[in-house]
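J.: for reference, the sequence and a predicted model appear below.
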Amino acid sequence: MTQYVVAIDQGTTSTRAIVFDHAGTIVSSGQIEHEQIFPHAGWVEHDPMEIWHNTRQVIGEALSKADITRHSVDAIGITNQRETTVVWDKNTGQPVYNAIVWQDTRTQPIVDRLAKVGGPERFKPTVGLPLATYFAGTKIVWILENVDGAREKADAGDLLFGTTDSWVLWNLTGGVNGGVHATDVTNASRTMFMDLKTLQWDDEILKTFGVPKSMLPEIKSSSEVYGNAESSSLLREVPIAGILGDQQAATFGQAAFDPGEAKNTYGTGNFVIFNTGEEIVHSENGLLTTLGYKLGDDKPHYALEGSIAVTGSLVQWLRDNLGLIKSAPEVEELAKTVDDNGGAYFVPAFSGLFAPYWRSDARGALVGMTRFVNKGHMARAALEATAFQTREVLDAVNADSGVPLSELKVDGGMTGNDLLMQFQADVLDVPVVRPVVSETTALGAAYAAGLAVGYWSDLDELRSNWQEDSRWTPNIDPDERDRQIRNWKKAVTKTFGWVDEDVQ
């Protein structure tokens, strides 16, 4: 009987289940979008119960399309939107509040309060992260301080916290009936609570934040058996054996296992991961220090990360908020109606600016507007914003590592946009390479799970699965590249300092 691995990809806009075979090829998949909830400006939420319902449904879809049952599945891997925070009652299984999404900026006052002592890099030597609304820690604090009864329940030991990997794992392994409350090192490294050296929760930081340690999941490696799917699941008794945060999972799926290897994922946001091996490298140029992966009892691999908040979600914004396009793929055709951006630059600082600026006071701006600019120019400027932001992050990677990238491996939905990929190569002045299997996030989770149960033997076997699909090489006049980058940087400065006490 042919055996498979199933990956659950719990993302920012949808939940998917994908069945992979031994060659790392997609056999089938199921996908359902979930609601994006915006209660106020800067607030972004998801319904955790909707996510769990969708998870069960997409598993059924994927198995049905592949015409297989649980008996053909050797392991389950989980990958997830990182930092998105769920707090739930362990006795009832009900969330005490909606999931607060990684893009949410409501916790800025908590960030400012904590930064009064030691500044925004107060905890960075320990956890590798600056104080920012991005990470899970301040989101937990907000829930404890603003949801009626949450603090009392947490102090009584009745509340659990998890990023969405932990939420899915707990429910998939039984929930209130013995569900496993765990996470892996990559997700733990995005909370602001995990010591990068010990890979354990830091008691002093938890005390400073006022978060009870009893809420937190047990930290595990990225590749081991955490538990089995519970009896009512379509995958009952199948081991859940791999967890990786989505960007680390994409890096793993790209077979970027060694120091110096990197990838860029083009999704809701963009995320560059640069593998630094067993060495913890602290950035001097606005990048994050994070966990890359840890396989069982092996030593952990670390990484530098450049996080960009808004890329693919800008295309969604053009569709949903402006009605400029009816579907995301239409943005490329609209952008092709013009030869350039017409002098317009779109800086999508909807949630402030992440790497390399870390400016929470920034807000989005469309600059360089004239009567000449039309909707084609706006579409092109939106796509180019992704490439320009990536260029700035990779400049920081090059500065921190001292080893300029010779090519960039890419993955994610936006890599199907040839216009964007060519412009990305032009702006970077290095080739851009897409693999045959572009769904590397789910593939990475499948790899981690399969390694844990012996479905794949080692990393070399996974490397042999990687195949190049498309390559874009730079094709732009160097002076034109420099001019456009100069104008982009000028546009970025126009977004600074927008938020103050009475402007959100």
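T.: Received, thanks. Numbering: from 1, shown residues only.

J.: low-confidence regions, the stretch 401-504 of the chain specifically.
T.: 501-504 (pLDDT under 70).

J.: ranges for the helices of it?
T.: 418-428, 440-453, 459-465, 478-493 (DSSP state H, counting those that start in this stretch).

J.: could I get the CA-only coordinates of the second one as PDB?
T.: Meaning helix 440-453. Output of helix 440-453 as PDB, limited to C-alpha atoms (Å, rounded to 0.1, in the frame of the first residue of the first chain):
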ATOM      1  CA  THR A 440       6.800  24.800   0.500                       C
ATOM      2  CA  THR A 441       5.200  25.800   3.700                       C
ATOM      3  CA  ALA A 442       3.000  22.700   3.900                       C
ATOM      4  CA  LEU A 443       5.800  20.600   2.400                       C
ATOM      5  CA  GLY A 444       8.200  21.700   5.200                       C
ATOM      6  CA  ALA A 445       5.700  20.600   7.900                       C
ATOM      7  CA  ALA A 446       5.300  17.300   6.000                       C
ATOM      8  CA  TYR A 447       9.000  16.800   5.900                       C
ATOM      9  CA  ALA A 448       9.400  17.400   9.700                       C
ATOM     10  CA  ALA A 449       6.600  14.900  10.500                       C
ATOM     11  CA  GLY A 450       7.900  12.300   8.000                       C
ATOM     12  CA  LEU A 451      11.500  12.500   9.400                       C
ATOM     13  CA  ALA A 452      10.200  11.800  12.900                       C
ATOM     14  CA  VAL A 453       8.500   8.500  11.900                       C
END
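
J.: by contact count, what packs against that helix?
T.: strand 4-10, strand 14-20, strand 73-80, strand 223-228, strand 239-245, helix 246-253, strand 262-266 (3 or more C-beta pairs under 8 Å, 6 or more residues apart in numbering; DSSP states H and E). Bear in mind the C-beta positions are built from the backbone N, C-alpha and C, glycine included.

J.: dump the ones you listed into CSV; add mean pLDDT, mean neighbour count and distance to N285 as well.
T.: Formatted as CSV, those follow (pLDDT from 0 to 100; neighbours: other C-beta atoms under 10 Å; distance: least, C-beta to C-beta, whole Å):
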stretch, mean pLDDT, mean neighbour count, distance to N285
strand 4-10, 96, 29, 30
strand 14-20, 95, 25, 33
strand 73-80, 96, 29, 27
strand 223-228, 96, 21, 31
strand 239-245, 97, 30, 22
helix 246-253, 92, 32, 18
strand 262-266, 87, 27, 15
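
J.: can I get those in a markdown table with distance to D500?
T.: Shown next, in a markdown table, are the helices and strands packed on helix 440-453 (distance: least, C-beta to C-beta, whole Å):
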| stretch | distance to D500 |
| --- | --- |
| strand 4-10 | 36 |
| strand 14-20 | 35 |
| strand 73-80 | 34 |
| strand 223-228 | 45 |
| strand 239-245 | 33 |
| helix 246-253 | 32 |
| strand 262-266 | 33 |
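
J.: wait, which of these is closest to E204?
T.: Comparison of those against E204 by C-beta to C-beta identifies strand 239-245 as nearest, at 24.2 Å.

J.: partners of that closest one, with directions?
T.: Counting by DSSP bridges, the strands paired with strand 239-245 are strand 73-80 (parallel), strand 223-228 (antiparallel).

J.: would you turn those into TSV with distance to T415?
T.: Output for those, formatted as TSV (distance: least, C-beta to C-beta, whole Å):
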stretch	distance to T415
strand 73-80	17
strand 223-228	26
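
J.: Y4 is nearest to which of those?
T.: Closest among the strands paired with strand 239-245, using C-beta to C-beta: strand 73-80, at 5.6 Å.

J.: next SSE after that closest one?
T.: Per DSSP states H and E, strand 73-80 leads on to strand 86-89 as the next helix or strand towards the C-terminus.

J.: for that next one, C-alpha coordinates in PDB please.
T.: Extracted C-alpha coordinates of strand 86-89, given in PDB (Å, rounded to 0.1, in the frame of the first residue of the first chain):
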ATOM      1  CA  VAL A  86      -5.400  32.100  21.100                       C
ATOM      2  CA  VAL A  87      -6.300  32.000  24.800                       C
ATOM      3  CA  TRP A  88      -8.900  29.400  25.800                       C
ATOM      4  CA  ASP A  89     -10.500  27.700  28.800                       C
END
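
J.: following the chain onward from it, which element is next?
T.: With secondary structure assigned by DSSP H and E, strand 86-89 is succeeded by strand 99-100.

J.: and the next helix-or-strand element following that following strand, which residues are buried?
T.: Once the chain leaves strand 99-100, the next helix or strand it forms, by DSSP H and E, is helix 108-115. Judged by neighbour count (16 or more other C-beta atoms under 10 Å), helix 108-115 contains these buried residues: 108, 110-111, 114-115.

J.: circling back: and the strands paired with strand 239-245: which comes nearest A379?
T.: strand 73-80 (30.2 Å).

J.: N275 and A241: what is the separation?
T.: Separation of N275 from A241 (C-beta to C-beta, to the nearest Å) stands at 22 Å.

J.: check N270 too.
T.: 29 Å.

J.: L419 too?
T.: On the measure of C-beta to C-beta, L419 and A241 end up 39 Å apart.

J.: cool, and N487?
T.: On the measure of C-beta to C-beta, N487 and A241 end up 49 Å apart.

J.: is it true that L291 lies in a strand?
T.: Yes: counting by DSSP: H, G, I helix; E, B strand; the rest coil, L291 is located in a strand.

J.: what about it, how many neighbours?
T.: 27 (other C-beta atoms under 10 Å).

J.: list the contacts for it?
T.: By C-beta atoms under 8 Å, 6 or more residues apart in numbering, the residues touching L291 are 185-186, 188-189, 196, 199, 248, 300-303.

J.: from those, pick the one nearest N98.
T.: Among these, and counting by C-beta to C-beta, the member closest to N98 is A188, at 22.2 Å.

J.: so that closest one makes contact with S221?
T.: No: look at A188 against S221 with C-beta atoms under 8 Å: they stay out of range, at 10.8 Å.

J.: the two: who's more crowded?
T.: Comparing A188 with S221 by other C-beta under 10 Å, the one with more neighbours is A188, at 27 against 21.

J.: quick one, grab the pLDDT at the more buried one.
T.: In this model, A188 is scored at 97, pLDDT.

J.: circling back: nearest to D426, out of the strands paired with strand 239-245?
T.: Nearest of the strands paired with strand 239-245 (C-beta to C-beta): strand 73-80, 30.9 Å.

J.: tell me the angle the closest one makes with helix 440-453.
T.: In terms of direction (axes from the mean of the first three to the mean of the last three C-alpha atoms, to 10 degrees), strand 73-80 departs from helix 440-453 by 130 degrees.

J.: look up how far T473 lies from the residue lying closest to V453 once chain neighbours are set aside.
T.: Closest residue to V453 apart from its sequence neighbours, by C-beta to C-beta, 6 or more residues apart in numbering: A75 at 4.6 Å. Using C-beta to C-beta, A75 is found at 39 Å from T473.

J.: ditto for G450
T.: Taking C-beta to C-beta, one finds G450 at 34 Å from T473.

J.: which of these two has more residues huddled nearby?
T.: For G450 and T473, the more surrounded residue by other C-beta under 10 Å is G450, and the numbers stand at 27 against 13.

J.: wait, the more buried one sits on G24?
T.: No: at 9.3 Å, G450 and G24 do not qualify as touching, with contact defined as C-beta under 8 Å.

J.: alright, I will stop here.
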